[in-house]
Every structure is written in C-alpha cells, then in structure tokens.
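1. heads up, no residue letters with this:
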Ligand code: AMP
Ligand code: MN
Ligand code: MN
Ligand code: MN
C-alpha cells in the first residue's frame, strides 16, 4: 500500500488528559474503526503511552507514541504535537511536568470566576470529571457544566464560557515554542503544529509561527484534522508546500459522544504533500 493510502490517525486523547476512554479502550476502538497507524497524543502527558502501546501490540495495530504540548506563541495558545517520542526521555518528562504545574491554580481561578456569574461548585465538579489531577482541563469544566445543566453541549460551553472575553477564561502561560520543539526532538520525535485552522492568525502571524517553528526544528503541520473543513485543508496544504513542511492527519478524538469525527475518519491528504507518517511505517 502507498504511504498516502494508509489510514493514519495521529492525534487523539485518553483519560490521561481530557479524553473519556482509557488508553487501551481508545486503541481498541481505533483498531475497530479501521485505523492502521495510530498515535495517542495526550495534552502535556505521557502517562498513557505504555498501556496504549501494549494494547496496540495485542490488537495488531501499528502505534506511534505521541504527546500534544501546550505552547504560548504571540499571546495565543498553540498546540504542538510530538510524534515518535521516547516516553522515558528525562528532558521531555521534566519539561511536560513544568507545563502541567500551573493547571490546578488556573482551575481554581476559573472556578472563582464562574462563581461570580452564579455557577457554584465548578472546581469540585470539574475535578470529578478529570482522570488525572495533574491535568485538569477546560474540557472537564465543560463536561461538568453540561451535566449540571448550564449548557446543552461542550461546544456551547466553549462559546459562552471559558474562552477569551467570557466568564471562566483565565489567561495562562504555557511552554515556549522553541522549548517544546526541543523537548520533542531531543526525545527522538518529530514536531507537528496541531490544527492550525483553530488559531486566530492572519497570514503574517502564520508566517512568523511557521518560520520560528521551522528554525526550532519543526517538521510538519496538521493539514487534515476534524477542525478543518475542505477550504482549510486546501489552505494549509498550500502553506505546507510553501514552507516545505510534511503533513499530518488526525481526528483529535476525545469522546465517542462529543466527536464530530470518528477515529480514522478524517480527510485524506492531497497527493502533492509528504505524509509525516512515512517515518513510522
Ligand atoms: P486547556 O488545555 O485546559 O486549555 O483545554 C483545551 C481543550 O479544550 C482542547 O484540547 C479541547 O479539547 C477543548 N476545546 C477548546 N476549544 C474547544 C471548542 N471550541 N469546542 C470543544 N472543545 C474545545
Ligand atoms: Mn483536548
Ligand atoms: Mn489541541
Ligand atoms: Mn488534541
């Protein structure tokens, strides 16, 4: 089979960050859905990779150990996926621990803000949804707010709360771009800009991001992701060619119910691009 023909899904989350399936269940679902090359990329965490790798070996699914690092660039949060990392690499482990360190304080601040608009008990609520107390995420707040009846969907929470200018938004300083890329590369991985269509960047800001990313050792950008419609796939395919990046593909799957896209059901990459997974076959 050609590299392009492989059903690669190189972006997903388990209960170790803000997904709802544990690593083994996630891997088994990916295999069941016809994924042929699969990466677990929990936010700022490596804790699920050993169990995921074991489950993948048992299911006969090719597995790529990954991570999604939270970065602050030009005042915005940018996510950098690392693929093919050594999850026992000390520098990466310590770097990610430093990124996770501020999350509980931030969660306390978020809950305080939500209290001022009449939403009581959000911290306890969110923590009940977190599978990992080092990784309390806005997603856990959102799931609790839906369950508590404040919104009808997680998507709705992210329009009315928890985003810039809305109650419950607490600005946070994540890793530097160069640092995150360095942790990934030194751990033997390749760095990939996640879901570029999510960032509120104009062409100039993207040019700055991509130039700095490349300079730091970055290799690829996600072109096909559940966040990208056909226009965005075309736009970022063009930018990948312009900046000479390889291209990645991933569902960013978190939960069977919340998913707009199932595991492995993402657009195919345009044939003119080099799939980053040629490195993992
Ligand atoms: P955090 O790392 O705590 O800031 O949480 C970020 C996570 O929130 C992302 O990884 C997504 O899972 C989720 N998220 C962010 N924006 C949205 C959105 N518009 N709709 C649904 N989930 C979102
Ligand atoms: Mn997430
Ligand atoms: Mn992300
Ligand atoms: Mn993600």
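-> Done, it's in. As the structure is a prediction and not an experimental result, all values here were calculated from the model. Numbering: from 1, shown residues only. Ligands and ions are numbered 1, 2, ... in the order given.
2. find the closest residue to ligand 4 in this structure.
-> residue 252 (4.4 Å; C-beta to the ion). (Glycine included, C-beta is placed from N, CA and C.)
3. is any part of stretch 91-108 close to ligand 1?
-> No - on the criterion C-beta under 6 Å from any ligand atom, stretch 91-108 is out of touch with ligand 1, staying 7.1 Å away.
4. which parts of that stretch are buried?
-> Buried residues in stretch 91-108, defined by neighbour count with 16 or more other C-beta atoms under 10 Å: 92, 95, 96, 99, 100, 103, 104, 106, 107.
5. end-to-end on that stretch?
-> Stretch 91-108 has an end-to-end distance of 28 Å (C-alpha to C-alpha, to the nearest Å).
6. what does stretch 154-167 give?
-> When the termini of stretch 154-167 are compared using C-alpha to C-alpha, they are 15 Å apart.
7. repeat for stretch 71-80
-> Stretch 71-80 has an end-to-end distance of 7 Å (C-alpha to C-alpha).
8. quick check: buried residues in that stretch?
-> 71, 72, 73, 78, 79, 80.
9. about what we covered before: what's the closest of the buried residues of stretch 91-108 to residue 114?
-> Ranked by distance to residue 114 (C-beta to C-beta), these are led by residue 107 at 10.5 Å.
10. my guess is residue 44 meets residue 69, correct?
-> Yes - contact criterion C-beta atoms under 8 Å: residue 44 and residue 69 qualify, at 6.2 Å.
11. need the overlap of contacts for the two.
-> 96, 99 (C-beta atoms under 8 Å, 6 or more residues apart in numbering).
12. looking at the buried residues of stretch 71-80, spot the one nearest ligand 1.
-> Nearest to ligand 1 among those: residue 79, at 7.1 Å, using C-beta to the nearest ligand atom.
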